[in-house]
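[1] Below are the sequence and a predicted model; questions follow.
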Amino acid sequence: MRQRTISGLLTALLACAVLPPSAGAQTPLLVLEGDGLTIHVLGISEDETSVSGVLMRGTATFPFTGKMSSDGSVETVRGTFKAGDESFDFTSTQREDDDFVIFNTGNKNYRTVMKPVVSQVEPPEAQAAQDNLLAGFD
């Protein structure tokens, strides 16, 4: 079954786990990349109307928050991201039949696509190999 929208994907993620913010590094719920921009969605409200995360361009990171809405065929997130002490508006949209999301800020559009989320938790074998240099993989 094809996930058609960001909201649909986030709803599926919510059904699988509780999404409390954690101390330190947090595994993203959703990763989007394209045109030099990476978006990590780190949180979504229980009522599925608000989203938060981090935008990355090069080595710079920008925290963001946004409000989600849908008109049935287009999912939209409108919000702001912070760069230093300044806030900037953005809009991201995904049409029902598209497999990409357009992120717009100022006069710049970024065409992003969903990427696999890589967990920051190491498998037990990898941890054992780090702890004991003689333990490892065959």
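    Thanks, I have it. Numbering: from 1, shown residues only.

[2] C-alpha only now, for contacts and for neighbours.
    OK.

[3] What distance do you get for the closest residue to Thr65 other than its chain neighbours to Ile39?
    Taking CA to CA, 6 or more residues apart in numbering, and ignoring the residues beside it in sequence, Thr65 has Ser52 as its nearest neighbour in space, at 4.3 Å. Ser52 sits at a distance of 10 Å from Ile39 (criterion: CA to CA, to the nearest Å).

[4] Can you name the residues that contact Leu42?
    For Leu42, the contact set (CA atoms under 8 Å, 6 or more residues apart in numbering) comprises 21, 26-30, 51-54.

[5] higher neighbour count, Ser52 and Ile39?
    The neighbour comparison of Ser52 against Ile39 (other CA atoms under 10 Å) goes to Ile39, with 25 against 19.

[6] Quick check: which element contains Leu32?
    Using DSSP states H and E, the secondary-structure element containing Leu32 is strand 30-34.

[7] Val118 now?
    Secondary structure (DSSP H and E) places Val118 outside all helices and strands.

[8] That one contacts Leu30, doesn't it?
    No - counting by CA atoms under 8 Å, Leu30 is not a contact partner of Val118; they are 9.8 Å apart.

[9] quick one, strands of the protein?
    Assigned by DSSP state E, the chain shows strands spanning 30-34, 37-44, 50-57, 60-70, 74-83, 86-95, 100-105, 108-115.

[10] buried stuff in the fifth one?
    This means strand 74-83. Applying a neighbour-count criterion of 16 or more other CA atoms under 10 Å, one finds 75-82 buried in strand 74-83.

[11] neighbours around Ser92, how many?
    Around Ser92 sit 20 other residues, with neighbours defined as other CA under 10 Å.

[12] One more: Val51?
    Number of residues near Val51 (other CA under 10 Å) recorded here: 21.

[13] Could you do Asp99 as well?
    Asp99 sits with 15 neighbouring residues when counted by other CA under 10 Å.

[14] residues contacting the residue nearest to it when sequence neighbours are not counted?
    Leaving out its chain neighbours, the residue that sits closest to Asp99 by CA to CA, 6+ apart is Val113, at 6.8 Å. Val113 sits next to 32-34, 99-101 when contact means CA under 8 Å, 6+ apart.
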